[in-house]
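Peer 1: Below is the sequence, then the predicted model.
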Amino acid sequence: MDRDPQSIIAKIVPLFREKRFGDRLPSERELAARFEVSRPLLREALATLEAMRVIERRPQSGIFLRETAREASLDAMVLEAGLGIPMTQAEVKSLNEFRTILEVQAVALACERRTEADIAALETILADTRKRIASRQSTAEQDARFHLAVFAAAKNQYLMRAAHPFYLASRQRRERYFMHASNRQKSLAQHQKIRDAIAAGDARAARARMDEHLGGVERYWLSTLR
């Protein structure tokens with residue numbers, strides 16, 4: 001029998017894909033029997049899903065599925081990605097649009113607020129990326145570090161908080177993307193241009209380079225899904 005709420009969540013979440021917004025879910029008793037878990041552990045798992053706004057527990061009525069596209073938290077997206085639940089083409093497009101809005105604004109702020117330490121951090125990441133490319137290794141980790149370093153340079157905690165879920169949720173996709181040497185080289189060249197624009201304090205160029213960079217990634221994923 002499962003003793004970890006996370007393992008119980010991993011079993012419950014795929015069930016939601018069979019349901020629609022507003023559907024009433026099985027009772028706690030039924031869910032506990034179906035997944036062979038204790039009621040206390042099940043309640044703990046359901047409390048986590050409720051905090052993520054995936055479900056809603058209504059007194060005297062039962063458990064209902066929320067409209068995740070409108071109401072669920074970004075943590076729910078990370079949860080589904082960690083469980084290996086694939087995203088639809090529409091979801092990938094929406095997520096990339098969200099990412100572009102965040103990162104284009106963040107890179108402009110970084111041009112105004114970056115410090116020497118921020119530029120040094122970007123340089124270190126680029127140097128690590130070059131080493132990984134030279135040894136024919138994936139640069140997925142360095143890619144995430146570079147983009148998060150741009151957010152750090154923007155000096156806005158809420159932009160940073162919004163950015164982290166994207167990079168957690170996209171880890172597997174980025175690993176696949178950076179398996180290809182051509183993608184590693186292209187990304188490095190574009191990162192270098194973004195770094196140069198930030199160092200020069202050129203917000204207009206930084207926005208353009210970031211938009212170009214993210215647009216290429218979006219086109220890659222949409223073509224892959226098709």
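Peer 2: That came in fine, so what should we check first? Numbering: from 1, shown residues only.
Peer 1: For the rest of this, base every contact and every neighbour count on C-alpha atoms.
Peer 2: OK.
Peer 1: element containing the residue sitting nearest the centre point of the chain, please.
Peer 2: For the chain, the residue whose C-alpha lies nearest the mean C-alpha position (CA atoms, centre = their mean) is Phe166; its distance is 1.8 Å. Using DSSP states H and E, Phe166 sits within helix 157-169.
Peer 1: which secondary structure elements does that helix contact?
Peer 2: helix 74-82, helix 89-113, helix 140-154 (3 or more CA pairs under 8 Å, 6 or more residues apart in numbering; DSSP states H and E).
Peer 1: nearest to Ser223, of the ones you listed?
Peer 2: With CA to CA as the criterion, Ser223 lies closest to helix 89-113 of the helices and strands packed on helix 157-169, at 9.5 Å.
Peer 1: Check the offset of the closest one from the chain's centre.
Peer 2: Put simply, helix 89-113 sits 12 Å off its chain's centre (CA atoms, centre = their mean, to the nearest Å).
Peer 1: So for it, what gets flagged as buried?
Peer 2: Neighbour-count burial for helix 89-113, counted by 16 or more other CA atoms under 10 Å, picks out 92-93, 95-96, 99-100, 102-113.
Peer 1: just the angle between that helix and helix 157-169, please?
Peer 2: Inter-element angle recorded for helix 89-113 and helix 157-169: 140 degrees (by axes from the mean of the first three to the mean of the last three CA atoms, to 10 degrees).
Peer 1: Go ahead and name everything in contact with helix 89-113.
Peer 2: 150-155, 159, 163, 166, 197-204, 206-207, 210-211, 214, 218, 221-222, 225-226 (CA atoms under 8 Å, 6 or more residues apart in numbering).
Peer 1: Where among the helices and strands packed on helix 157-169 is average confidence lowest?
Peer 2: The weakest mean pLDDT among the helices and strands packed on helix 157-169 belongs to helix 74-82, with a mean of 66.
Peer 1: Spatially nearest residue to Phe64 (excluding sequence neighbours)?
Peer 2: Spatially, and ignoring its direct neighbours in sequence, Phe64 is nearest to Arg24 (4.5 Å; CA to CA, 6 or more residues apart in numbering).
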